[in-house]
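*Asks:* here is my input, please return the structure:
(one chain, ligands or ions: 1)
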Amino acid sequence: MLNISACVFVLQYFDMGKIKKFVIGNWKMNPIDADSAIEIFSGVRGTAARAKETRTIIAPPFIFLNTLTRMGNDKNISFGAQNCYFEEKGAYTGEISPTMIKGMSADYCIIGHSERRSLGETNDIVNCKVRAALRNGLTVILCIGEAERDAEGVYLGFLETELREGLASVTKKQLPQLLIAYEPIWAIGKSAEKSCAPRDVHEMVILVRKVLKDIFRVNAALEVPVVYGGSVAAQNTEELVREGNVNGLLVGGASLVVANFCKIIEIVDAL
Ligand code: 13P
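*Replies:* Predicted structure coming up:
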């Protein structure tokens, strides 16, 4: 099993200066219509465009992606899909391919979100999607996260497996197209009691970097941005980023409330 504290010293002192900050809004299956999607995006875009140190990524439902990307490509703002399929085209009813996503001017794709894994997406499926998305020039936001924590640290092995299996056959050259999102399932959504404690987030960032270094054996693996998701709000943004040592946040519920999301972007950008 990985000894996290032993990795802290080595990894803390690597230069993370090249990594930009990210605020990603995962809208999930919201809002209910295109007009509301346009309204939310219109409310956020000015703040996001002004946040020069931060890349804001909007990941709406597929059906609104085209509408939003056509509204213009502001500086510092990108779009992402919440999922993709691993084939380019063909008889796959209901699926959307990475090529189609690229064709809608979206550059990012969230893959392996726990809400999709709970529908049966395995690490093998996640890996097929990751490789297909990368092959098609998308930047992948690979989500990992444990359902619960145990005193023995079994969850650490679980996270390592999610990373190793999710990234199987990904090449060193593809590292610049990768972000890792640590989203503990117990911290996600309205039913969660709280977000992960910032120092625990920091430990997980170290774990992710250690595993990436082990897999890829190049220092570039340490430059892969690691973001945190799970009950992010304006109130906990600063401590999560500062003490959690993440490169940004993956925001669910709060990304749908313009004032809250704008505040999160501003706080992250100012840090
Ligand atoms: P909440 O911010 O609503 O907890 O959702 C987190 C999440 O799942 C983002 O992908």
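*Asks:* how about stretch 165-180 and the ligand, touching?
*Replies:* No. Shown here: stretch 165-180 not in contact with the ligand (CB under 6 Å from any ligand atom), separated by at least 12.3 Å. C-beta: built from backbone N, CA, C; applies to glycine.
*Asks:* what comes up buried for that stretch?
*Replies:* Under the neighbour-count criterion of 16 or more other CB atoms under 10 Å, stretch 165-180 has 166, 167, 170, 174, 175, 177, 178, 179, 180 buried.
*Asks:* looking at the residues you listed, spot the one nearest residue 230.
*Replies:* Within the buried residues of stretch 165-180, the smallest distance to residue 230 is 14.0 Å, found for residue 180 (CB to CB).
*Asks:* so the closest one sits in a strand?
*Replies:* Yes. Residue 180 forms part of a strand when assessed by DSSP: H, G, I helix; E, B strand; the rest coil.
*Asks:* residues in contact with the residue lying closest to residue 43 once chain neighbours are set aside?
*Replies:* Sequence neighbours aside, residue 258 is the residue nearest to residue 43 in space, at 3.4 Å (criterion: CB to CB, 6 or more residues apart in numbering). By CB atoms under 8 Å, 6 or more residues apart in numbering, residue 258 lies in contact with 40, 43, 44.
*Asks:* so which of the residues you listed also contact the ligand?
*Replies:* Of the contacts of residue 258, not one also sits near the ligand (CB under 6 Å from any ligand atom).
*Asks:* PyMOL command for the buried members of these?
*Replies:* Selecting the buried subset of those in PyMOL, with 16+ other CB under 10 Å as the burial test, is done by:
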select buried, resi 40+44
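*Asks:* can you redo the contacts of residue 258 as a markdown table with secondary structure and pLDDT?
*Replies:* Formatted as a markdown table, the contacts of residue 258 follow (DSSP: H, G, I helix; E, B strand; the rest coil; pLDDT from 0 to 100):
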| residue | secondary structure | pLDDT |
| --- | --- | --- |
| 40 | helix | 98 |
| 43 | helix | 97 |
| 44 | helix | 97 |
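*Asks:* okay, the contacts of residue 258 in TSV with distance to residue 95 next?
*Replies:* Formatted as TSV, the contacts of residue 258 follow (distance: CB to CB, whole Å):
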residue	distance to residue 95
40	26
43	31
44	29
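*Asks:* from the contacts of residue 258, pick the one nearest residue 105.
*Replies:* residue 44 (17.3 Å).
*Asks:* the closest one contacts residue 263, correct?
*Replies:* No. Residue 44 lies out of contact with residue 263 (CB atoms under 8 Å); the separation is 10.8 Å.
*Asks:* show me where the stretch 101-250 of the chain dips below the pLDDT cut-off.
*Replies:* For the stretch 101-250 of the chain, no stretch has pLDDT under 70.
*Asks:* around the ligand, which positions in it sit nearby?
*Replies:* Checking the stretch 101-250 of the chain against the ligand by CB under 6 Å from any ligand atom, the hits are 113, 183, 188, 189, 229, 230, 231, 232, 250.
*Asks:* tally of neighbours for the second one?
*Replies:* Spelled out, it's residue 183. Neighbour count of residue 183, defined by other CB atoms under 10 Å: 26.
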